[in-house]
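Colleague: the following block contains a protein sequence and its predicted model.
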Amino acid sequence: MTRFWIGLASALAAAGLAGAAHAQASGGQASAGQAPEAQPQTARVKVETGVLVGEETDRARVFRNIPYAAAPVGPLRWRPPQGAAPWKGERDAAKAGPSCPQPMNADGSPNTGGANGPVSEDCLQLNVYAPKGAKAAPVMVWIHGGSHRTGAGWIYDGSNFARDGVVVVAINYRLGALGWFAHPALTAAAGGEPVGNYGLMDQVAALKWVQRNIAKFGGDPKNVTVFGESAGGMSTLALLATPSARGLYQKAVVQSGLGWFEPKTLADKEKEGAAALAQAGVSATTAEELRALPAETLVAVNAQFGPFTDGRVMTQTATQALARGDFADVPLIIGWNSGEDSLMGPGPLGQAALAQIPPVARVIYTDEAAKGDEALARALFTDRVFGGPARWVAAKAAPGQPAWLYHFSYVATRLRPAVPRAGHAMEIPYVWEYWGRRTPMSLVSDEDRAMATLMHACWVTFAKAGKPRCGAEDWPAYDPAADVLMEFGLESGLRAGFRKSRLDAVQAATLPGLGLN
């Protein structure tokens, strides 16, 4: 069971499917879901590299396309992020910058990570949404999802967080083979610099930029919450295990971020990188030849992207760090959705996958097994890849700073009954209280708005005071003995022992293979 479900999760990530729902769930620059706003006014702020000219709307002061590091091009490709160069005069910060290089749809529609429009290797920028007149406001730094291969920070509109007194910073980071790639030639040429986890190094650099600059926007650098979904949630867990990130944030939120990670070393990733290049027909073998390749060639390289134990930036997986108690001990919210199996596609599943369902699962998953192998395989996937890890992470974090565990099962009114469960990324519009660029407000019901008000309040209050307060029912910190989580669903509330026998079973089957000794 362990090998199969790890392998399936890896295959899905390598295929880029872990971002499949973002195109529907992510937000955008337009203020869909809000009342029409007055014409934006000009807003200015001076950061360490120069003056930014953004805009002030009814809800926020917004500054986009802010460089937090130098363009990682030419000799800086596949190197740790370097400092951004200062500029003279004023920099236009009203419009979004490019997305990092990634597969894009030819028809201009958003890709699986929700991104469209121009791409450029000069993409290490971030957007800031700040409350008007803010002074020492809490800060939330968003790490987008998309399998570490697609997506962009500009997709997400943080105006409603700013309206409620929170500064939001949404970042870009290097993706795909430009962001999570190792090769023997690059290691040999590195001269002792860390290699491989360039996207993770970008995220640390963005957090350092926040520490140096966010007070200029009215934010409090001593009250920073990192939050992310899918690949962004995985990155947030990786940051908990990354020594160079400690002290750069005080709280964390992990939305559908997995939590059990197979150890991969730099040597493993070097072999994978060389094999992926060969499969793509790339003959370059030296660092100079690799850095001279067109970005488009590297975007086409297919491999499993994401944080790994390179030995410098990350010396252990997030799973190992949590098991050993060697992680950033900060207040944490973590959870998953009821229909994470949406990542497996609409079905039917292939016979090869169904044939590998372990016999014991039919004994434990009796209700699902009664519905057939398709339902059983999907339930196993959701529990093994998302639910079990989330509960385990909450349990490991609980003895220190408090952790809160949630399960999201709410399905928008317009999607019922065609969509039976809350698919991957479906919680994002409710957390952000924002439905994005492609959901007309006529399709958002009062019930949908009430769920958004509830969840958004949880995240806002957590950012402000380190404890989520959302609705009449108190959400207690997670205690493994009580095993209580908050369900956000058609009937939200506390649930004790939620899917306990199933989550216990997948945990027992999975953990022995993850190098926790």
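Modeller: Arrived safely.

Colleague: rest of the way, CA atoms for contacts and neighbours
Modeller: Fine.

Colleague: can you give me every residue that contacts the residue nearest to residue 69 when sequence neighbours are not counted?
Modeller: For residue 69, ignoring the flanking residues on the chain, the nearest one in space by C-alpha to C-alpha, 6 or more residues apart in numbering is residue 84 at 4.1 Å. Listed by C-alpha atoms under 8 Å, 6 or more residues apart in numbering, the contact set of residue 84 reads 49, 67-71.

Colleague: in strands, which of those residues fall?
Modeller: The strands, defined by DSSP state E, take in residue 67 from the contacts of residue 84.

Colleague: from the contacts of residue 84, which is closest to residue 332?
Modeller: residue 68 (26.0 Å; C-alpha to C-alpha).

Colleague: that closest one contacts residue 124, doesn't it?
Modeller: Yes. With contact defined as C-alpha atoms under 8 Å, residue 68 and residue 124 form a contacting pair (6.2 Å).

Colleague: just checking, what packs against the helix or strand containing residue 211?
Modeller: Element membership for residue 211 (DSSP states H and E) is helix 198-213. Using 3 or more C-alpha pairs under 8 Å, 6 or more residues apart in numbering; DSSP states H and E, the elements in contact with helix 198-213 are helix 176-179, strand 219-229, helix 231-240.

Colleague: of all the ones you listed, which one is nearest residue 431?
Modeller: Nearest of the helices and strands packed on helix 198-213 (C-alpha to C-alpha): strand 219-229, 10.7 Å.

Colleague: can I get the closest one in PDB? Just the C-alpha atoms.
Modeller: Presented in PDB, the C-alpha positions along strand 219-229 are these (Å, rounded to 0.1, in the frame of the first residue of the first chain):
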ATOM      1  CA  GLY A 219       2.600  45.800   8.300                       C
ATOM      2  CA  ASP A 220       4.200  44.400  11.500                       C
ATOM      3  CA  PRO A 221       7.300  42.300  10.600                       C
ATOM      4  CA  LYS A 222       6.900  40.600  14.000                       C
ATOM      5  CA  ASN A 223       3.400  39.200  13.200                       C
ATOM      6  CA  VAL A 224       3.800  37.300   9.900                       C
ATOM      7  CA  THR A 225       1.700  34.300   8.900                       C
ATOM      8  CA  VAL A 226       2.800  32.100   6.100                       C
ATOM      9  CA  PHE A 227      -0.100  30.400   4.300                       C
ATOM     10  CA  GLY A 228      -0.400  28.300   1.200                       C
ATOM     11  CA  GLU A 229      -2.400  25.700  -0.600                       C
END
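
Colleague: mind showing which ranges of the stretch 401-517 of the chain have poor pLDDT?
Modeller: Filtered on pLDDT under 70, the stretch 401-517 of the chain yields the residue ranges 437-438, 517.

Colleague: quick one: the strands in it?
Modeller: Using DSSP state E, counting those that start in this stretch, the strands of the stretch 401-517 of the chain run over 403-408, 484-488, 493-496.

Colleague: what's the most buried one of those?
Modeller: Using mean count of other C-alpha atoms under 10 Å, the stretch among the strands of the stretch 401-517 of the chain with the largest mean neighbour count is strand 403-408, at a mean of 26.

Colleague: just want the angle from that one to strand 484-488.
Modeller: 40 degrees (axes from the mean of the first three to the mean of the last three C-alpha atoms, to 10 degrees).

Colleague: how many neighbours does residue 73 have?
Modeller: For residue 73, the number of neighbouring residues by other C-alpha atoms under 10 Å comes to 16.

Colleague: could you pull out the buried residues of stretch 68-85?
Modeller: Judged by neighbour count (16 or more other C-alpha atoms under 10 Å), stretch 68-85 contains these buried residues: 68-73, 77-81, 84.

Colleague: ends of it, how far apart?
Modeller: From its first residue to its last, stretch 68-85 covers 9 Å (C-alpha to C-alpha, to the nearest Å).

Colleague: list the contacts of the nearest residue to residue 433 once chain neighbours are set aside.
Modeller: Closest residue to residue 433 apart from its sequence neighbours, by C-alpha to C-alpha, 6+ apart: residue 452 at 5.0 Å. Residues in contact with residue 452 (C-alpha under 8 Å, 6+ apart) are 429-433.

Colleague: again, but for residue 116
Modeller: Contact analysis of residue 116 by C-alpha under 8 Å, 6+ apart lists 99, 104-105, 108-110.

Colleague: pLDDT below threshold where in the protein?
Modeller: Ranges of the chain meeting pLDDT under 70: 1-37, 437-438, 517.

Colleague: follow-up on the earlier one: in TSV: the helices and strands packed on helix 198-213, plus mean neighbour count.
Modeller: Compiled in TSV, the helices and strands packed on helix 198-213 are given as follows (neighbours: other C-alpha atoms under 10 Å):
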stretch	mean neighbour count
helix 176-179	28
strand 219-229	24
helix 231-240	27
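
Colleague: just send the ones you listed back as JSON lines, with distance to residue 300 too.
Modeller: As requested, these are exported to JSON lines (distance: least, C-alpha to C-alpha, whole Å):
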{"stretch": "helix 176-179", "distance to residue 300": "9"}
{"stretch": "strand 219-229", "distance to residue 300": "24"}
{"stretch": "helix 231-240", "distance to residue 300": "19"}
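
Colleague: between these, which gets nearest to residue 286?
Modeller: Using C-alpha to C-alpha, those put helix 176-179 closest to residue 286, at 15.7 Å.

Colleague: excluding chain neighbours, what is closest to residue 176?
Modeller: That would be residue 149: by C-alpha to C-alpha, 6+ apart, it lies 4.4 Å from residue 176.

Colleague: ok, back up a step: nearest to residue 362, of the buried residues of stretch 68-85?
Modeller: Among the buried residues of stretch 68-85, and counting by C-alpha to C-alpha, the member closest to residue 362 is residue 78, at 46.8 Å.

Colleague: keeping just the C-alphas, turn the biggest helix by length in the chain into PDB.
Modeller: Longest helix in the chain, counting residues (DSSP state H): helix 446-465. Output in PDB follows, covering the C-alpha atoms of helix 446-465 (Å, rounded to 0.1, in the frame of the first residue of the first chain):
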ATOM      1  CA  ASP A 446     -26.200  33.600   0.300                       C
ATOM      2  CA  GLU A 447     -25.200  30.200   1.700                       C
ATOM      3  CA  ASP A 448     -21.900  30.500  -0.200                       C
ATOM      4  CA  ARG A 449     -21.300  34.000   1.100                       C
ATOM      5  CA  ALA A 450     -22.000  32.800   4.700                       C
ATOM      6  CA  MET A 451     -19.400  30.100   4.400                       C
ATOM      7  CA  ALA A 452     -16.900  32.600   3.000                       C
ATOM      8  CA  THR A 453     -17.600  35.000   5.900                       C
ATOM      9  CA  LEU A 454     -17.000  32.100   8.400                       C
ATOM     10  CA  MET A 455     -13.800  30.800   6.900                       C
ATOM     11  CA  HIS A 456     -12.300  34.200   6.100                       C
ATOM     12  CA  ALA A 457     -12.900  35.300   9.700                       C
ATOM     13  CA  CYS A 458     -11.100  32.200  11.000                       C
ATOM     14  CA  TRP A 459      -8.000  33.100   8.900                       C
ATOM     15  CA  VAL A 460      -8.100  36.800   9.700                       C
ATOM     16  CA  THR A 461      -8.400  36.300  13.500                       C
ATOM     17  CA  PHE A 462      -5.600  33.700  13.400                       C
ATOM     18  CA  ALA A 463      -3.400  36.200  11.600                       C
ATOM     19  CA  LYS A 464      -4.200  38.900  14.100                       C
ATOM     20  CA  ALA A 465      -4.000  37.000  17.400                       C
END
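
Colleague: centre of the chain to that helix, how far?
Modeller: 19 Å (C-alpha atoms, centre = their mean, to the nearest Å).

Colleague: dump the residue contacts of the residue most central in space within the chain.
Modeller: With distances taken as C-alpha atoms, centre = their mean, the residue of the chain nearest its centroid is residue 232 (1.4 Å). For residue 232, the contact set (C-alpha under 8 Å, 6+ apart) comprises 142-146, 254, 257.

Colleague: and for the residue nearest to residue 308 when sequence neighbours are not counted, the neighbour number?
Modeller: Spatially, and ignoring its direct neighbours in sequence, residue 308 is nearest to residue 264 (5.7 Å; C-alpha to C-alpha, 6+ apart). By other C-alpha under 10 Å, the residues close to residue 264 number 14.
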